[in-house]
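*Asks:* From the sequence below, what's the structure:
(chains A and B)
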Amino acid sequence: MSIMLLITHVSVWSKSFCSDVNIDARLGYSVGGTAPVGMPATIRKLNSYTLQPNFLIGADFTKPLDNHWGLLLGLQFENKGMETDAKVKNYHMQITRGGETLEGVFTGNVNTHVRQWMFTIPLQASYKICEIWGLRFGPYISYVVNHCFDGSAYDGYLRVGDPTGAKVELGSGDSERGTYDFSEHMRRVQYGLDLGVDWHSCHRFGAFADLSWGLNGIHHSNFKTIEQTLYPIYGTIGITYKFK
Amino acid sequence: MCKAKILLLIITCCILTSCFKEEPLNAECDIEKAYVHVGNPETMFFNASDSMVSVPYTDSTVIFNVRKQADVSAMAPKFQLTAGATISPDNGSVHDFTKESVNYTVTSEDGKWHRSYMVSFNQVIKTINDTITYNFESYELETQKQKYYVWHNERDDGTLGNDWATGNSGFNLSRGSAKPDEYPTTPLTEGYEGSAVCLTTCDTGPFGAMVNKRLAAGNLFLGTFDLTSALKDAMKATLFGIQFDKKPIKITGYYKYAPGATFQDPKGNVVANRVDSAAIYAVLYRNHDADGNAVVLYGDNVKTSNLIVALADMEYVKPTDQWTPFEISFNYQSALDETLLENRGYSFTVVFSSSKEGDKFEGAIGSKLLIDKVKVICTEEK
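*Replies:* Numbers count the residues shown, from 1 in each chain, chains lettered A, B, ... in the order given. The predicted structure follows:
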């Protein structure tokens, strides 16, 4: 009897709790990179940046706490990918394959391709500035389900060991460049902070923009091949649809 | 919406570009070229082009070859260094090179790295004997890293030279974990007479596969191996030939050869019914072109260049597990110019390889060529 009462209570409470919860769907596109915070001097120039299929689809639930503040919980499926081509000078690299290691400093071009499909749960405080504009801020946690981090060093030269070591030229053809694949050293769990802005039209459709800043590197902390820790830092724009 | 977009764009641009720091100072400290200016280069050098020496990045010696009577008591060599590097003693300072070599230290632009070079003037002695013998008894582990073997030739005066080269340093790049005896070119203590050289076509491992250079043929040749080109343009890594002042007639020696089991193409695919074959040949060529520029033959033209004067090619190296003598005669395509010969205007190479197409990264892993007691028989002095 008392259990029935409790269930009834909970269900009534949850009904009343959920009665004012807003449900939004989001569809977005992200641009950004996995980059060191504070670029090392060895990275000289960005030759090119290629847009990747960084789509985001998700839904979130906002519980208003008062007229302005609310609490948001969401679930998103997104890709934080990047393809860059950078010019480096005396860039330390170490490649390990099948038990063989090649270490040295590279001067030339480095192409990097990153793909990270992940589920992300944001937990944010929302603040309604007016009927149209709102802000969001809070942490997120992601679980990466599919990832890769590969690329090549080309059109340059490697000094084996240190800058006084043997000089080995790398070309641009398939048989002349040094390729690498550090996918297996990538983390599954990422976390960080997200700042977002929402724009609501009078209809159900709206728009949003977010900046998400990763606080842990995309590789395991014991991975030292790339000297700098690479953080995922992405900006997203997209449209929202208000269900409720 | 528009504001947000602009904000996003600004943030992205900031992250991607604004953080580039000032360019770091150069860390390299190499002598790339060395040269001397003298009044009459002809009296000092056999060829004017000998007054400039290109220094491979792996070398720590700079040797100017000069005539025997050349006065090297006050020479002022100049050096082309990697950008920003400095040298001590001063670039172009005068030194006496008669008794010994002079040690130079190069310091990188950032001041953190140093390299030492021994600079010397080698008074070239005319080859005395009509038969030049290579017994391959003088070998040692390469001094810097002690990872692989290098061979020395014994000169007429008993000193040791560095005329023989191998691709072992290239193999070191791909299979750094290999022991000295696992390299493509190794000594064999029980040869035909004393030590022999063992050339084996080896698997270059995962790094080799990465660049479609899956095998390394064991090789040994008179010349220089330039590691700098080994990956980008492997044909340019083998610089064939040493200056030569004799007219070779034939080359003799002893060999054993066993081709490896499976022939593979550069992609690593098995080529059925193809048996690997070894290479034994020697080439004499003019080391200057018609315009007087110094010429070195590489992997891609050592048998085809129009500067070739004579070629001795065994063509088919019959597999055998017994020490078998070989004798190959030089086929002269044009007459030798005696004056040119006198002035070291010809270069000469002898090439041994466990896989003929090894320079194209084709062959059979495990192919083994043993070589001993090689003689280059030249015409008698008039």
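*Asks:* Report the central residue of chain B.
*Replies:* B:Thr224 (1.4 Å; C-alpha atoms, centre = their mean).
*Asks:* so what's that residue closest to, chain neighbours aside?
*Replies:* In space, and not counting its chain neighbours, B:Thr224 is closest to B:Leu239: 4.3 Å by C-beta to C-beta, 6 or more residues apart in numbering or on different chains. Using the backbone N, CA and C atoms, a C-beta is placed for each residue, glycine as well.
*Asks:* tell me the SS of that neighbour?
*Replies:* Here B:Leu239 is recorded as strand under DSSP: H, G, I helix; E, B strand; the rest coil.
*Asks:* Show me where the chain dips below the pLDDT cut-off.
*Replies:* Because you didn't say which chain, this covers chain A. Counting by pLDDT under 70, the ranges of chain A that qualify are A:1-17.
*Asks:* you looked at the wrong chain, it should be chain B
*Replies:* Along chain B, segments meeting pLDDT under 70 span B:1-19, B:381-382.
*Asks:* my guess is the residue nearest to the centre of chain B meets B:Ala165, correct?
*Replies:* Yes - look at B:Thr224 against B:Ala165 with C-beta atoms under 8 Å: they come within range, at 5.3 Å.
*Asks:* any common contacting residues for those two?
*Replies:* The contact sets of B:Thr224 and B:Ala165 overlap at B:Leu239 (C-beta atoms under 8 Å, 6 or more residues apart in numbering or on different chains).
*Asks:* What's the separation between B:Thr186 and chain A?
*Replies:* Counting by C-beta to the nearest C-beta, to the nearest Å, the gap from B:Thr186 to chain A is 19 Å.
*Asks:* And for B:Glu338?
*Replies:* For B:Glu338 relative to chain A (C-beta to the nearest C-beta), the value is 40 Å.
*Asks:* hey, where'd the helices end up in the chain?
*Replies:* Using chain A. Assigned by DSSP state H, the helices in chain A fall at A:2-18.
*Asks:* nope, chain B
*Replies:* Along chain B, counting by DSSP H, helices occupy B:2-13, B:41-44, B:168-174, B:205-210, B:338-342.
*Asks:* Run through the neighbouring helices and strands of the shortest one.
*Replies:* In this structure, helix B:41-44 makes packing contacts with no helix or strand, judged by 3 or more C-beta pairs under 8 Å, 6 or more residues apart in numbering or on different chains; DSSP states H and E.
*Asks:* Could the C-alpha coordinates of it be exported in PDB?
*Replies:* In PDB, the C-alpha atoms belonging to helix B:41-44 read as follows (Å, rounded to 0.1, in the frame of the first residue of the first chain):
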ATOM      1  CA  PRO B  41      94.400  24.900 -59.300                       C
ATOM      2  CA  GLU B  42      96.000  22.700 -62.000                       C
ATOM      3  CA  THR B  43      99.300  22.400 -60.100                       C
ATOM      4  CA  MET B  44      97.600  21.500 -56.900                       C
END
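*Asks:* neighbouring contacts of it?
*Replies:* With contacts defined as C-beta under 8 Å, 6+ apart, helix B:41-44 is touched by B:Val38, B:Ala48, B:Asp50, B:Ser51, B:Val66, B:Arg67, B:Ala70, B:Asp71.
*Asks:* Next up, the contacts around the nearest residue to A:Asp60 once chain neighbours are set aside.
*Replies:* Spatial nearest neighbour of A:Asp60, excluding adjacent residues (C-beta to C-beta, 6+ apart): A:Gly74 at 3.1 Å. Contact partners of A:Gly74, counting by C-beta under 8 Å, 6+ apart, are A:Arg26, A:Gly58, A:Ala59, A:Asp60, A:Phe61, A:Thr120, A:Ile121, A:Pro122, A:Gln124.
*Asks:* The first one touches A:Gln76, doesn't it?
*Replies:* Translated: A:Arg26. Yes - in this structure, A:Arg26 is within contact of A:Gln76 by C-beta under 8 Å, at 7.0 Å.
*Asks:* list residues touching both of these two?
*Replies:* Joint contacts of A:Arg26 and A:Gln76 (C-beta under 8 Å, 6+ apart) are A:Leu56, A:Ile57, A:Gly58.
*Asks:* tally of neighbours for the closest residue to chain A within the stretch 251-382 of chain B?
*Replies:* In the stretch 251-382 of chain B, the residue that lies nearest chain A is B:Pro266 (7.9 Å; C-beta to the nearest C-beta). For B:Pro266, the count of nearby residues is 15 (other C-beta atoms under 10 Å in any protein chain shown).
*Asks:* ok, it touching B:Asn212?
*Replies:* Yes - using C-beta under 8 Å, B:Pro266 is in contact with B:Asn212, at 5.3 Å.
*Asks:* Need the overlap of contacts for the two.
*Replies:* Here B:Pro266 and B:Asn212 share the contacting residues A:Ser175, B:Phe361, scored by C-beta under 8 Å, 6+ apart.
*Asks:* picking that back up, can I get the shared contacts of A:Arg26 and A:Gln76 in JSON lines with distance to chain B and neighbour count?
*Replies:* Below are those laid out as JSON lines (distance: C-beta to the nearest C-beta, whole Å; neighbours: other C-beta atoms under 10 Å in any protein chain shown):
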{"residue": "A:Leu56", "distance to chain B": "13", "neighbour count": "22"}
{"residue": "A:Ile57", "distance to chain B": "19", "neighbour count": "13"}
{"residue": "A:Gly58", "distance to chain B": "18", "neighbour count": "20"}
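*Asks:* Quickly name whichever of these is closest to A:Thr96.
*Replies:* Proximity of the shared contacts of A:Arg26 and A:Gln76 to A:Thr96, judged by C-beta to C-beta, is greatest for A:Leu56, which lies at 33.9 Å.
*Asks:* How many residues are close by the residue nearest to A:Leu123 when sequence neighbours are not counted?
*Replies:* Excluding the flanking residues, the one nearest A:Leu123 by C-beta to C-beta, 6+ apart is A:Gly138, at 5.2 Å. Using other C-beta under 10 Å, A:Gly138 has 17 neighbouring residues.
*Asks:* ok, A:Gly138 to chain B distance?
*Replies:* Separation of A:Gly138 from chain B (C-beta to the nearest C-beta) stands at 18 Å.
*Asks:* Kindly report the same for A:His185.
*Replies:* Applying C-beta to the nearest C-beta, the value for A:His185 to chain B is 16 Å.
*Asks:* Quick check: the nearest residue to that residue once chain neighbours are set aside vs A:Met186, distance?
*Replies:* Nearest non-adjacent residue to A:His185, counting by C-beta to C-beta, 6+ apart: A:Phe223, 4.1 Å away. A:Phe223 is 8 Å from A:Met186, where distance means C-beta to C-beta, to the nearest Å.
*Asks:* what number of residues lie near residue 61?
*Replies:* Picking chain A for this. 17.
*Asks:* The intended chain is chain B.
*Replies:* 14.
*Asks:* list the contacts for it?
*Replies:* Residues near B:Thr61 by C-beta under 8 Å, 6+ apart: B:Ser101, B:Tyr117, B:Met118, B:Val119, B:Ser120.
*Asks:* Filter those residues down to the buried ones.
*Replies:* Among the contacts of B:Thr61, those classed as buried by 16 or more other C-beta atoms under 10 Å in any protein chain shown are B:Ser101, B:Tyr117, B:Val119, B:Ser120.
*Asks:* Need the residues you listed in JSON lines (columns: distance to chain A).
*Replies:* Formatted as JSON lines, the buried ones among the contacts of B:Thr61 follow (distance: C-beta to the nearest C-beta, whole Å):
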{"residue": "B:Ser101", "distance to chain A": "20"}
{"residue": "B:Tyr117", "distance to chain A": "11"}
{"residue": "B:Val119", "distance to chain A": "17"}
{"residue": "B:Ser120", "distance to chain A": "21"}
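*Asks:* Show me the two of these that sit farthest apart.
*Replies:* Within those, two members stand farthest from each other by C-beta to C-beta: B:Tyr117 and B:Ser120, at 10.0 Å.
*Asks:* for the closest residue to A:Asp24 other than its chain neighbours, what are its contacts?
*Replies:* In space, and not counting its chain neighbours, A:Asp24 is closest to A:Thr240: 4.9 Å by C-beta to C-beta, 6+ apart. Contacts were defined as C-beta under 8 Å, 6+ apart; by that measure A:Thr240 touches A:Asp24, A:Ala25, A:Arg26, A:Leu27, A:Asp198, A:His200, A:Phe205, A:Gly206, A:Ala207, A:Phe208.
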